[in-house]
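J.: Here you go, sequence then predicted model.
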Amino acid sequence: MGGKALLFVVLGFSLTFLLIGQNFNRVTLKATDNMTNYANSEISHDIASTGANIACNAFYLDPTWTTGYSNVSCQGGTFTVTVQTLDAVKLIKSITSISSFQGFTGYSLNTYHDTIIVTFQPSRFSRYAYYSTSEGGSPIYWATGDTVKGPLQTQDYLRVSGNPVFLGMVGTKLGVVNKNGSADHPQFLGGLMTGSNVPINASGVSSVESFALTNGFEFSGHDTVYLNFQGDSLKYRYAWNTKDTTKKLSTMVPNGVLFVKGGTARIKGVVKGQYTLGCSYVSKGGSVYLDSSIAYQTNPVSNPSSTDIFGVVTQNNFVITDNKANNNNVTIQGSIYCQTGSFTAENYTTRAYDGYINLLGGIVQAVRGAVGIIGGSGNITNGFSKSYSYDRRFMFSAPPNFPNTGSYNVISWYE
């Protein structure tokens, strides 16, 4: 009996080790298959990513590019890229890159696919805290004490004196000029790009008008239009001494675009919602006058969840009126776009010192305009001092149908 028991013990251990060995081999093969499968999946993902990046570069060089790619060889596989327009009105587009790669898993040859979708929206001029085509006929310098808190672009030289601070990306087409040579130390904390070329949109005003004619509202045939924003309503009239007409903005302008054709717009009030005001020149007009402060009903500074957004797109100038309402500081909340003119203050050389322009948003202008005069002591003696802050929401959003820059921003990258 002892011999038989020993034999059973030996057979038992042999069977146990056999089973363990089989399981170990199975686990080893499974682990190898998993590693191979993972490696093949990563190769397929890399191919799709390569296609997406190549397509993004093509789209960056030519925003009208829609050709795509078909079965392009890459890393032993292929990628196919298609370009789609998701919203023809808002010009939102997407690039879809799909990979195809064949690889072995064990003894089986499998085909792997991966998909990457990149979505773009037009880059709007409202993204700039400051923009100019020309910095003016006589040299105007960014000097010690000046701080720009958002992106800046000029098609001119960027002239600096002392130690101005630029917190956002700075682009200049012609380069940087230091007034005092090596003694100047401008701080480009967000980066500096020389040779940067972003021409102003010559059809910016007309594009806004086209939207006003489609689910917006256009004032035509009036020399002057007085616009008083009252939260979600608008009061308007065509002479200073006539009665206002009041309308609900959401009903009056479903797409948020108002337009004054061939006249002068005079604005003030409190804005609730998202609106753009355009103003064109047709033998006359084309400028917007700020008769009193324009501000959001919900201030995004104190309440970052505010959805109130305002933009002005004018053919000529945006002018701060020389009147009693503006003689003790003025508030401007919104992005201002002057296609051929300037952001300026009326009678800035002769009006009294009227305090600060408290601006939250951005200024885009063809020619850099003046808002005040600096006296011999270095202080503003006439016009306004500047207190400009960038509305960071404009990095990702814009007033309705605000002029675009001709390029696109990535708003999502799905893998």
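T.: In hand now; what should we look at?
J.: pretty sure Ser123 is in a strand, no?
T.: Yes: per DSSP: H, G, I helix; E, B strand; the rest coil, Ser123 lies within a strand segment.
J.: Go ahead and confirm it touches Tyr408.
T.: Yes: if you go by Cβ atoms under 8 Å, Ser123 and Tyr408 touch, sitting 6.0 Å apart. For every residue, glycine as well, the C-beta is placed using N, CA and C.
J.: domain ranges for this protein?
T.: 2-124, 200-405 (automatic domain parsing).
J.: how distant is the last one from the center of its chain?
T.: This points to domain 200-405. 19 Å (Cα atoms, centre = their mean, to the nearest Å).
J.: Equivalent analysis for stretch 171-182, please.
T.: 26 Å.
J.: mind checking the end-to-end distance for it?
T.: 21 Å (Cα to Cα, to the nearest Å).
J.: May I see the buried residues of it?
T.: Neighbour counts over stretch 171-182 (16 or more other Cβ atoms under 10 Å) mark Gly171, Thr172, Lys173, Val176, Val177, Asn178 as buried.
J.: And the contacts of it?
T.: 139, 141, 151-162, 184, 186, 192-198 (Cβ atoms under 8 Å, 6 or more residues apart in numbering).
J.: Any of those residues buried? List them.
T.: Buried, going by 16+ other Cβ under 10 Å: 141, 151-156, 158-162, 184, 186, 192, 198, out of these.
J.: what's around Thr119, how many residues?
T.: Counted by other Cβ atoms under 10 Å, the residues lying close to Thr119 total 18.
J.: and it, what are its bridge partners?
T.: When assigned by DSSP bridges, Thr119 has beta-bridge partners Ser94, Ser412.
J.: quick one: what helix or strand has Ser49 in it?
T.: helix 2-61 (DSSP states H and E).
J.: Following that helix in sequence, what is the next regular element?
T.: Assigned by DSSP H and E, the successor of helix 2-61 is strand 69-74.
J.: Which positions in that following strand come out as buried?
T.: For strand 69-74, by 16+ other Cβ under 10 Å, it's Tyr69, Val72, Cys74.
J.: what about the first one, distance to Asn40?
T.: Pointing back at Tyr69 there. From Tyr69 across to Asn40, the span is 22 Å (Cβ to Cβ, to the nearest Å).
J.: One more: the last one?
T.: Distance from Cys74 to Asn40, counting by Cβ to Cβ: 14 Å.
J.: again, but for the second one
T.: Distance, Val72 to Asn40, using Cβ to Cβ: 19 Å.
J.: pretty sure Leu249 contacts Tyr275?
T.: Yes: look at Leu249 against Tyr275 with Cβ under 8 Å: they come within range, at 6.8 Å.
J.: who touches Lys268 in this structure?
T.: Contacts for Lys268 were tallied using Cβ under 8 Å, 6+ apart; they are Leu227, Asn228, Phe229, Leu290, Asp291, Ser292, Ser293, Ile294, Ala325.
J.: mind redoing it with 6 Å?
T.: By Cβ atoms under 6 Å, 6 or more residues apart in numbering, the residues touching Lys268 are Asn228, Asp291, Ser292.
J.: wait, what's in contact with the second one?
T.: Think Asp291. Counted by Cβ under 6 Å, 6+ apart, Asp291 has contacts Arg266, Lys268, Thr321.
J.: The helix or strand where the first one lies: what's the following helix or strand?
T.: Here Arg266, judged by DSSP H and E, is contained in strand 264-271. Once the chain leaves strand 264-271, the next helix or strand it forms, by DSSP H and E, is strand 274-280.
J.: partners of Gln230 in the sheet?
T.: The partner residues for Gln230, given DSSP bridges, come to Ser233, Val270.
J.: how many neighbours does it have?
T.: As a burial measure, Gln230 scores 15 neighbours (other Cβ under 10 Å).
J.: Check Thr105 too.
T.: Neighbour count of Thr105, defined by other Cβ under 10 Å: 16.
J.: Would you mind measuring from it to Tyr38?
T.: Thr105 is 10 Å from Tyr38, by Cβ to Cβ.
J.: What of Thr321?
T.: From Thr321 to Tyr38 the distance is 68 Å (Cβ to Cβ).
J.: before we move on, the earlier item: give me the angle between the strand holding Arg266 and strand 274-280.
T.: 170 degrees (axes from the mean of the first three to the mean of the last three Cα atoms, to 10 degrees).
J.: CA atoms of strand 264-271 as CSV?
T.: Only the C-alpha atoms of strand 264-271 are listed here, as CSV (Å, rounded to 0.1, in the frame of the first residue of the first chain):
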residue,chain,number,x,y,z
THR,A,264,-24.3,107.6,-37.5
ALA,A,265,-25.1,105.4,-34.5
ARG,A,266,-25.2,107.0,-31.0
ILE,A,267,-25.2,104.4,-28.2
LYS,A,268,-25.4,104.0,-24.5
GLY,A,269,-27.0,101.7,-21.9
VAL,A,270,-26.9,98.2,-20.4
VAL,A,271,-26.6,95.1,-22.5
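J.: tell me the mean pLDDT over that strand?
T.: Average pLDDT, strand 264-271: 98.
J.: same thing with stretch 221-240?
T.: Here the average pLDDT along stretch 221-240 is 97.
J.: One more: stretch 80-100?
T.: In the prediction, stretch 80-100 has an average pLDDT of 92.
J.: State the distance from Tyr107 to Val313.
T.: 66 Å.
J.: Between those two, point out the one with more neighbours.
T.: Taking other Cβ under 10 Å, Tyr107 and Val313 do not tie; Val313 has more neighbours (31 against 6).
J.: gap between the two ends of stretch 174-190?
T.: End residues of stretch 174-190 are separated by 19 Å (Cα to Cα).
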